[in-house]
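Chemist: coords below, sequence missing:
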């Protein structure tokens, strides 16, 4: 068995151990860290064999070899893995972890100041079905403005104030994950993959909102409708500790809520104007909140208070951050070695049309992180002006934005929002798969169906199809040749005459 295949086996075994966290009594963070570090160690020790096996698939190696004019040799491969590629992945992973740490701390600061009580006190209903719809829609629209990860963290904090029973809270947290991913899919700033496609020029902001709003809405509405028939009774709210009421005044609660929400909303604004990574905007917001709380509680000597950020940081869920680190590290190893690019090439070479390819990528994003999958797709399929599938705002790019954004909801570990909810609420992988996966899958396929019907009823790309027909297959192949680069071969699965 080749080292290349062994890496896949290790990932599958590690994934299984994460899924069986509760039966085997081993924390998923420990398993994820072991899997990630082991994959990179094997890759570093056997890089020559791995890249000899996959050198036509690893985009990272192809770019490095072309830039540095080197071949598949021991020294160059070792330098690529140890000093180049892993450091690039560390930078990318760090931005996500710092973003997560900043968001979790901001939410915890607001929570400890009872800022969320202002919102939870407005939600009077305890009926499970009504509460499910309220929180589902609130999450959906919040995720479009913020992002799915931040929204999930905020909503989990709200759920802890609204629902006492853990298993009931798991159900609501799972719906939050589905709603957050759905809301992020139709917004250019709501999900990492949509941001990638937006910045890359594959989609435009107005078009993605217009074309994906209804499919994304159905993704959450279908599970909500189905649960409305099966979920009965009322939720039991947590008992409020009267001693906590005296720690903050109503004006302090309101101030922290406003500042916390403003800090989160400022992140996409910061990124738009500075073009810097979002985590810096999150840390900027945290710093302002931190200084405010220091001044607010200066000189106060309340025994046992948990209102200073120094004390609040002790409550941040570090295992969740380590879990993220392990998962992202493992996926980065497979991306660097060429596994994910080989997967994208296989989808292309199978001769499937854009709908099956996009659907498969969405389902795969429930197992493998959607970011490298979308990145591989962007590399494999260049933007082709005048072509209804691959032009800017083409069918393929819109479908990828939807499927990669919402397909991760099918498994709890399939999206950043799901991983955050799993870490914060200790949701069992098997429980989610039994109770939620089918609901998420039904919503996912309903959204794909809605998009297909939209294209049939409102064929906005029809004029482009006529244009391509006139050009014929030879002209199309010339377009592909012109757009191909060193790491993206001519697309062979699409025959222009069939349009």
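Modeler: Perfect, I can see it now. Note that the structure is predicted; figures quoted are calculated from it, not measured.

Chemist: Give the burial count for residue 273, as a bare number.
Modeler: 9 (other CB atoms under 10 Å). All C-beta atoms are positioned from the backbone trio N, CA, C, and that covers glycine.

Chemist: Secondary structure element for it, which one?
Modeler: Element membership for residue 273, per DSSP states H and E: helix 250-274.

Chemist: what about that helix, distance to the chain center?
Modeler: From the chain centre to the centre of helix 250-274 is a distance of 22 Å (CA atoms, centre = their mean, to the nearest Å).

Chemist: Is residue 185 in contact with residue 211, as I believe?
Modeler: No - assessed by CB atoms under 8 Å, residue 185 is found out of contact with residue 211, at 10.8 Å.

Chemist: helix or strand right after the helix holding residue 273?
Modeler: Following helix 250-274 toward the C-terminus (DSSP H and E): helix 278-296.

Chemist: My reading is that residue 97 lies in a helix. Confirm?
Modeler: Yes - judged by DSSP: H, G, I helix; E, B strand; the rest coil, residue 97 forms part of a helix.

Chemist: picking that back up, quick one, which of residue 185 and residue 211 is more surrounded?
Modeler: Between residue 185 and residue 211, counting by other CB under 10 Å, residue 185 is the more crowded of the two (30 against 23).

Chemist: returning to what we had before: in the helix holding residue 273, what's buried?
Modeler: Within helix 250-274, the residues that count as buried by 16 or more other CB atoms under 10 Å are 252-253, 255-257, 259-261, 263-265, 267-268, 270-271.

Chemist: try stretch 160-170
Modeler: Under the neighbour-count criterion of 16+ other CB under 10 Å, stretch 160-170 has 160, 161, 162, 163, 168, 169, 170 buried.

Chemist: quick one: average confidence on that stretch?
Modeler: What stretch 160-170 shows for mean pLDDT is 88.

Chemist: ok, residues contacting it?
Modeler: For stretch 160-170, the external contacting residues (CB atoms under 8 Å, 6 or more residues apart in numbering) are 111, 116-117, 120, 123, 128, 131, 135, 159, 172, 235-239, 425, 427-428, 431-432, 435.

Chemist: So how do I select the buried members of these in ChimeraX?
Modeler: Of the contacts of stretch 160-170, the buried ones go into a single ChimeraX selection, burial set by 16+ other CB under 10 Å:
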select :111,116,117,120,123,128,131,135,159,172,235,425,427,428,432
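
Chemist: Most widely separated two among the buried residues of stretch 160-170?
Modeler: Maximum pairwise distance among the buried residues of stretch 160-170 (CB to CB): 15.9 Å, between 161 and 170.

Chemist: neighbours around residue 278, how many?
Modeler: Residue neighbour count, defined by other CB under 10 Å, stands at 23 for residue 278.

Chemist: let me fix that: residue 16
Modeler: When counting by other CB under 10 Å, one arrives at 12 neighbours for residue 16.

Chemist: Kindly provide the distance from it to residue 430.
Modeler: Separation of residue 16 from residue 430 (CB to CB, to the nearest Å): 11 Å.

Chemist: Check residue 313 too.
Modeler: Distance, residue 313 to residue 430, using CB to CB: 32 Å.

Chemist: do the same with residue 184
Modeler: 26 Å.

Chemist: How about residue 84?
Modeler: For residue 84, the distance to residue 430 - CB to CB - is 39 Å.

Chemist: With residue 195 instead?
Modeler: To residue 430, residue 195 is 32 Å away according to CB to CB.

Chemist: can you pull the contacts of the residue nearest to residue 115 when sequence neighbours are not counted?
Modeler: Distance criterion CB to CB, 6 or more residues apart in numbering; nearest residue to residue 115, sequence neighbours excluded, is residue 257 at 3.5 Å. Counting by CB under 8 Å, 6+ apart, residue 257 touches 110, 113, 115, 116, 118, 119.

Chemist: got a markdown table for the residues you listed, with pLDDT, distance to residue 41 and secondary structure too?
Modeler: Conversion of these to a markdown table gives the following (pLDDT from 0 to 100; distance: CB to CB, whole Å; DSSP: H, G, I helix; E, B strand; the rest coil):
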| residue | pLDDT | distance to residue 41 | secondary structure |
| --- | --- | --- | --- |
| 110 | 84 | 41 | helix |
| 113 | 83 | 44 | coil |
| 115 | 82 | 44 | coil |
| 116 | 79 | 43 | coil |
| 118 | 81 | 49 | helix |
| 119 | 81 | 46 | helix |
